[in-house]
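S.K.: sequence unknown, structure follows:
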């Protein structure tokens, strides 16, 4: 890892314009003398969630030596602007470092950021020294943290970088191409129904029966909003969605708009999910039907197959107001990429 030296380098933008949920307010000027790791994340983002265990451990390891981690929660969906929901996620994932809610993208724009997650390392003089987008490069990032700490205190005795926390994070892990993220709202939704999406109206859609990968197909009553599709409040028929995918894991961002628990039934390849291919959030009723209980807005883990493969997923709900935002697919750790800042 190489770093800019001397007094050269770009000063990190200030952390202005957000609402501090814990550990703040902080300023980059006030943090001079300490290395800072700025992490842009969103609690509905699977790639962000997979990086959090490393950030939590880096905070535990290095905050006593001067490192400050600042989590900048910049919401991808409008509901993730609500402070109480973000606080719930902070507690759920054991985050103890400072977190600021960047609901209006002020800090995001100041850093000219474009990615979830994104990590920016700032040295004790306030200069940007390293950044990394996406998952992966955990040991390289930790070595960069150590480098900046040793610039301040060369006598520090620091541990070896963390070993991989997941098997798929180990060097040489094979990463397969998976189905890209599929959004469901009318602004960027990849709907496969020939009729397309009708914005802001309760419409009875008809599934054409033939499905292409990378699209979702609606059947029954749905309302298409900017960010999501949701079941109408007064619908009588069951609302269904289907898609083909290639991946090992499937996740889905859901929101119970009525504020009450909602049920979403799940089938894979025409059958209810079995325990050996079900995601962590799946439950089963007395008849063996796999389903989710959607009690809060967040990302839910639907499928965790043993290996990557091609599958057909079908979902159904009769709960008014259950909203579906985006499917994400995982095969292994995403390596991301990093570069030196000039």
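M.R.: Sure thing, it's come through. The structure presented is a predicted model; accordingly, all values stated were derived computationally and were not measured. Numbering: from 1, shown residues only.
S.K.: where in this structure is pLDDT low?
M.R.: 1-8, 172-175, 332-342 (pLDDT under 70).
S.K.: which one's the longest helix in it?
M.R.: If you go by DSSP state H, the chain has its longest helix at helix 46-62.
S.K.: now it: buried residues?
M.R.: 46-52, 54-56, 58-59, 61-62 (16 or more other CB atoms under 10 Å). Every residue, glycine included, has its C-beta placed from N, CA and C.
S.K.: following the chain onward from that helix, which element is next?
M.R.: Reading on from helix 46-62 to the C-terminus, the next helix or strand found by DSSP states H and E is strand 68-73.
S.K.: direction included, what does that following strand pair up with?
M.R.: Partner strands and pairing direction for strand 68-73 (DSSP bridges) are strand 36-41 (parallel), strand 99-101 (parallel).
S.K.: just want the angle from that strand to helix 46-62.
M.R.: 160 degrees (axes from the mean of the first three to the mean of the last three CA atoms, to 10 degrees).
S.K.: how far out from the middle of the chain is strand 68-73?
M.R.: 15 Å (CA atoms, centre = their mean, to the nearest Å).
S.K.: what's the next secondary structure element after that strand?
M.R.: helix 83-92.
S.K.: just checking, what packs against that next one?
M.R.: Using 3 or more CB pairs under 8 Å, 6 or more residues apart in numbering; DSSP states H and E as the contact test, the elements touching helix 83-92 are strand 19-22, strand 99-101.
S.K.: out of these, which is the most enclosed?
M.R.: strand 99-101 (a mean of 24; mean count of other CB atoms under 10 Å).
S.K.: next up, the contacts around the residue nearest the centre of the chain.
M.R.: The centroid of the chain falls nearest to residue 45 when counting by CA atoms, centre = their mean (1.0 Å). Neighbouring residues of residue 45 by CB atoms under 8 Å, 6 or more residues apart in numbering: 76, 116, 117, 299.
S.K.: which of those residues sits closest to residue 185?
M.R.: residue 76 (11.5 Å; CB to CB).
S.K.: re earlier: and the contacts of the longest helix of the chain?
M.R.: 37, 39, 41-43, 67, 69, 71, 93-97, 116-117, 119, 134-135, 138, 141-142, 145-146, 149, 158-159, 162, 165-166, 251, 299, 328, 330, 333-334.
S.K.: Three-state assignment for residue 139, please.
M.R.: helix (DSSP: H, G, I helix; E, B strand; the rest coil).
S.K.: check contacts around the closest residue to it other than its chain neighbours.
M.R.: Spatial nearest neighbour of residue 139, chain neighbours left out: residue 161 (4.3 Å); criterion: CB to CB, 6 or more residues apart in numbering. Counting by CB under 8 Å, 6+ apart, residue 161 makes contact with 138, 139, 142, 143, 146.
S.K.: export the helices and strands packed on helix 83-92 to CSV and append columns for distance to residue 274.
M.R.: Formatted as CSV, those follow (distance: least, CB to CB, whole Å):
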stretch, distance to residue 274
strand 19-22, 39
strand 99-101, 38
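S.K.: perfect, that will be all.
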